[in-house]
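> Give the three-dimensional model of this entry:
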Amino acid sequence: MDNFAEHLVRKELTTGDKAKKIIILVGGILLTVMLAAFSVLMLGQGLLPFVGLVLAAATGVGTYWIITNMYVEYEYTFTNGELDIDKIIAKKKRIEMLSVSVGRFREFGRYDENTPDETDDMTVVFATSNIASEEFYADFDHDAYGSTRLVFCPDEDMLINMNKNLPRALRINTEQEE
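Here you go, the predicted model:
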């Protein structure tokens with residue numbers, strides 16, 4: 001029987017992300033309006049109004065593209081011991097981030113102040129909602145990234161399914177935490 005779990009996590013915007021979004025939106029709107037106004041004022045000046053309108057349209061589209069790409073989700077898929085993590089941008093573009101067997105985990109647990117510090121040679125992969133109370137970490141060796149720490153937010157169903165495939169020492173630790 002297959003051991004399967006799937007979970008989708010929406011990345012919450014931090015205060016800094018929200019400020020960036022507002023600055024980009026206001027700046028993009030102002031620049032688009034200024035370029036369009038410039039085009040109207042330059043009517044009768046040859047190709048200048050056309051170029052201004054094209055730049056205004058490009059600025060508007062670019063602003064929309066940047067704002068929509070700030071919407072990020074992470075999809076965790078756990079199948080028979082393999083954990084796959086994909087990043088979904090603006091509900092349109094899917095990027096494969098990581099695939100690992102949970103049997104390779106050296107460390108696993110809640111990501112909090114008691115979590116061991118990352119080493120200098122460690123690659124840290126964040127696939128989280130930015131809500132600290134929901135975060136877990138896993139340390140393992142990855143073929144492409146070397147020593148790796150994954151920070152993610154599995155739900156209870158995924159934790160139960162993962163627990164069946166964790167190394168015995170980590171399984172005991174996980175059961176004690178829950």
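> quick one, phi/psi of the residue sitting furthest away from the middle of the chain?
Ranked by distance from the centre of the chain (C-alpha atoms, centre = their mean), the top residue is Gly44, with 48.1 Å. Reported as degrees, to the nearest 10, the phi and psi values for Gly44 are phi 90, psi 10.
> Repeat that for Glu82.
phi -100, psi 130.
> Against Glu107, how distant is Asn114?
12 Å (C-beta to C-beta, to the nearest Å). Every C-beta, even on glycine, is put in place using the N, C-alpha and C of the backbone.
> Among the two, which residue is more densely surrounded?
Under the neighbour definition other C-beta atoms under 10 Å, Asn114 and Glu107 were set side by side, and Glu107 has more, 14 against 7.
> quick one: contacts for that one?
Residues near Glu107 by C-beta atoms under 8 Å, 6 or more residues apart in numbering: Pro116, Tyr137, Ala138, Asp139, Leu170.
> And Ile67, by the same measure?
Applying C-beta under 8 Å, 6+ apart to Ile67 gives the contacts Lys21, Ile24, Leu25, Gly28.
> what about it, which SS state?
Here Ile67 is recorded as helix under DSSP: H, G, I helix; E, B strand; the rest coil.
> for the one 3 residues further on, same thing?
Following three-state DSSP, Met70 is assigned to coil.
> Can you get me a residue count around it?
If we define neighbours as other C-beta under 10 Å, then Met70 has 15 of them.
> Leaving out sequence neighbours, find the closest residue to it.
Lys21 (5.7 Å; C-beta to C-beta, 6 or more residues apart in numbering).
> just Met97 next, same as before
Ile85 is the one closest to Met97 (C-beta to C-beta, 6+ apart), at 4.7 Å.
> Can you give me the distance of the one you found to Glu75?
7 Å.
> These two - which one has more neighbours?
Set side by side, Ile85 and Glu75 show more neighbours around Ile85, with 20 against 16, by other C-beta under 10 Å.
> and the next element down the chain from the strand or helix carrying that one?
Secondary structure assignment for Ile85, by DSSP states H and E: strand 82-89. The helix or strand immediately downstream of strand 82-89 is strand 93-101, counting by DSSP H and E.
> Can I get that next one in CSV, CA atoms only?
This file holds the C-alpha atoms of strand 93-101, laid out as CSV (Å, rounded to 0.1, in the frame of the first residue of the first chain):
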residue,chain,number,x,y,z
LYS,A,93,4.8,28.7,-12.7
ARG,A,94,6.1,25.5,-10.9
ILE,A,95,9.7,25.2,-9.9
GLU,A,96,11.1,21.9,-8.5
MET,A,97,13.0,22.9,-5.4
LEU,A,98,14.1,19.6,-3.7
SER,A,99,13.5,15.9,-3.6
VAL,A,100,14.9,13.8,-0.7
SER,A,101,14.3,10.5,1.0
